[in-house]
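J.: One predicted model, sequence on top.
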Amino acid sequence: MEQQYREMGNRIKVRRKELRIKQTELAEALNISNNHMSSIETGKQKPSLDIFVEICKHLDVTPDYLLLGAMYPYNIPQDILDKLRLCSQPDIELARDFIELLVKRNNKID
């Protein structure tokens, strides 16, 4: 179980960095100490349910992503997800590469 909390904490950290949010900024937004936020990210402490929900909101991720590593963004139509399940692994990797290019392009625009 401790390993799962370390993995969850790492996903929080990685996502926070993807969004260019400093640990202190996230801690402040959650109204917790930076030490507590650091302990959550390292898996040393478990977030309360309220804090967990707020982390999901601030990082714009689903609870599934933080708990299990499966990220399903809110705005992807189900038919796209269903069609991806029918693709071969090389096609899925190609789709991932294409999406990464879109993300990089959108980050440059912002």
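T.: Arrived safely.
J.: Dump the helix or strand bottoming out on mean pLDDT in the chain to PDB, restricted to CA.
T.: Least confident element among the helices and strands of the chain, by mean pLDDT, DSSP states H and E: helix 78-85 (a mean of 74). Taking Å, rounded to 0.1, in the frame of the first residue of the first chain, the C-alpha atoms of helix 78-85 are listed here in PDB:
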ATOM      1  CA  GLN A  78     -16.200   8.200 -25.400                       C
ATOM      2  CA  ASP A  79     -16.300   7.200 -29.000                       C
ATOM      3  CA  ILE A  80     -12.700   8.400 -29.400                       C
ATOM      4  CA  LEU A  81     -11.600   6.300 -26.400                       C
ATOM      5  CA  ASP A  82     -13.500   3.300 -27.800                       C
ATOM      6  CA  LYS A  83     -11.900   3.600 -31.200                       C
ATOM      7  CA  LEU A  84      -8.400   3.900 -29.600                       C
ATOM      8  CA  ARG A  85      -9.100   0.600 -27.900                       C
END
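J.: What is the burial count for Lys83?
T.: For Lys83, the neighbour count with other CB atoms under 10 Å is 11. C-beta: built from backbone N, CA, C; applies to glycine.
J.: what do you get for Val14?
T.: Using other CB under 10 Å, Val14 has 12 neighbouring residues.
J.: how about the longest helix seen in the chain: buried residues?
T.: Longest helix in the chain by number of residues (criterion: DSSP state H): helix 89-109. Within helix 89-109, no residue is scored as buried using 16 or more other CB atoms under 10 Å.
J.: Please parse the chain into its domains.
T.: For the chain, automatic domain parsing gives the domain ranges 2-68, 78-109.
J.: Could you single out the most deeply buried of those domains?
T.: Mean neighbour count (mean count of other CB atoms under 10 Å) peaks for domain 2-68 among those, with a mean of 16.
J.: dump the residue contacts of the residue nearest to Arg15 when sequence neighbours are not counted.
T.: In this structure, Arg15 finds its nearest non-sequential neighbour in Leu59, 4.7 Å apart by CB to CB, 6 or more residues apart in numbering. Leu59 makes contact with Ile12, Arg15, Arg16, Leu19, Ile21, Leu26, Leu66, according to CB atoms under 8 Å, 6 or more residues apart in numbering.
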